[in-house]
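Participant: how would this look folded up:
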Amino acid sequence: MSYAKNDMPDTIFNKMRRMASPSLMKWVEIDLGVIAGNAAWIRSQLPKGAGFVAAVKADGYGHGAVEVAKTVLKAGAERLGVRDLAEAAVLRKAGIKAPIQMLAPFLSEDSAEALRLGVIPVIESLAQAKALHRAAKGKKFRLQVDLEFGLARWGLPPKELPALMAALAKLGGLTVDGLAAHLGYMPGKNAVEAEEKLGAFTRLAAPYQRLNPELRLRAANSTVFMDFPHRRFDLACVGNLLYGINRSKVKPAALKMPWRFFARVLSVREAAKGASIGYASEYLVPRRMTLATLPVGYADGLTMQPAERLIGLGASQSFWGKRNGVNLPFVGRCGISHVLVDATGLPGIKPGDAVELPIRRTASRAPRVYR
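Facilitator: Prediction:
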């Protein structure tokens, strides 16, 4: 589906009614052109000779792994990053032949499947490498070694790297493609610690890169990419930036948001001042109010801490939808499949009107509409 970029939500919905189910009540609009532009910007920021892994795990952060993968590969991504073999299988089934970088280890018993899918595994132990070697049955394959630098989820302790590299060298047909690390860096929190760890990673990898100049170093996720540009190494791995999210506290990025979530108004009613409404009758209406019901709730990813701040802060309401530039504050509790908004500031609102809402991208199961 496609439509003009300057369409307002109602126009979008009208076109959807002609091209899709007339009962569609909520949908996600995803602009693949924006994702392509974000990927191109990321590519432009890399050092000469470096590449980047486009993280498409968790169904492309909710944007659709296959659609995003095809888009970013055309825009300059070198590899696709996935969380597990099931995600890799989805990409291969879609006919994507590009290199797939595993971002987490998998069980040794799945080694044959990993090799069948042609992924680049990441390991944290010799046992995992030996399992892959047995499954390869003499065929060549490559892998990366993941090092643990404080996140404590997986990874080889750095002091054990020399012994592991020596052992891997004895396994015929195996190529160590790169060394990887993922820091627990949070912008504005632990920059000094992160710099120290990135420096330690650099020093640890140096002798192996001298022996093998083609060895790739991967430690720059989106936050490291932004706040430590001198530590982007040979192979950055970006997710948030690709999807228009920049967590950096100090450096802006020429990125755009490709995601917008819309739900149609289901019902409109008036509430008198002083009325008790909602679950447990806990919300006391402070003034005469026009209420609009939207058929979307926390089952759709509408939470009290949404990923996108399309909301504002006020004295009595904290979360908002938007329509035609007007904030529509949430009223009362968000239910599993509905939320009420205060539409008093938008005269004439009616059932069928589209409202944009802050939704966690990976949670929503609403239909995706691509342009």
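Participant: From now on I want contacts and neighbour counts done on CA atoms only, so please keep to that.
Facilitator: Fine.
Participant: tell me the pLDDT at the spatially most central residue of the chain?
Facilitator: With distances taken as Cα atoms, centre = their mean, residue 61 lies nearest the centre of the chain, 3.2 Å away. Looking at residue 61, its pLDDT stands at 96.
Participant: Tell me the spacing between it and residue 68.
Facilitator: Distance, residue 61 to residue 68, using Cα to Cα, to the nearest Å: 10 Å.
Participant: Hmm, residue 33 and residue 75 touching each other?
Facilitator: No - in this structure residue 75 lies outside contact range of residue 33 using Cα atoms under 8 Å: 9.8 Å.
Participant: And those two? Which one has more around it.
Facilitator: Counting neighbours by other Cα atoms under 10 Å for residue 75 and for residue 33 shows that residue 75 has the greater number, 19 against 16.
Participant: OK, contacts around residue 198?
Facilitator: Going by Cα atoms under 8 Å, 6 or more residues apart in numbering, residue 198 touches 219, 231.
Participant: Please identify the helix or strand for it.
Facilitator: Using DSSP states H and E, residue 198 falls within helix 191-211.
Participant: neighbours of residue 224, just the number please.
Facilitator: Here the count is done by other Cα under 10 Å, and residue 224 has 27 residues near it.
Participant: What are the boundaries of the helices in this protein?
Facilitator: 9-19, 32-44, 57-61, 65-74, 85-93, 111-117, 126-136, 161-168, 191-211, 222-227 (DSSP state H).
Participant: Highest mean neighbour count out of the ones you listed?
Facilitator: With neighbours taken as mean count of other Cα atoms under 10 Å, the helices of the chain reach their highest mean count in helix 222-227, at a mean of 23.
Participant: How about the residue nearest to the centre of the chain: what's its closest non-neighbour residue?
Facilitator: Nearest non-adjacent residue to residue 61, counting by Cα to Cα, 6 or more residues apart in numbering: residue 362, 5.3 Å away.
Participant: is it true that the one you found touches residue 65?
Facilitator: No - contact criterion Cα under 8 Å: residue 362 and residue 65 do not qualify, at 11.2 Å.
Participant: any common contacting residues for those two?
Facilitator: Shared contacts of residue 362 and residue 65, defined by Cα under 8 Å, 6+ apart, comprise 58, 59.
Participant: before we move on, back to that, so for residue 278, which of the helices of the chain sits nearest?
Facilitator: Within those, the stretch nearest residue 278 is helix 9-19; the backing value is 27.9 Å (Cα to Cα).
Participant: I'd like the average pLDDT over that closest one.
Facilitator: Helix 9-19 comes out at a mean pLDDT of 46.
Participant: now do stretch 282-292
Facilitator: 94.
Participant: what's the answer for stretch 98-107, then?
Facilitator: Averaged across stretch 98-107, pLDDT comes to 98.
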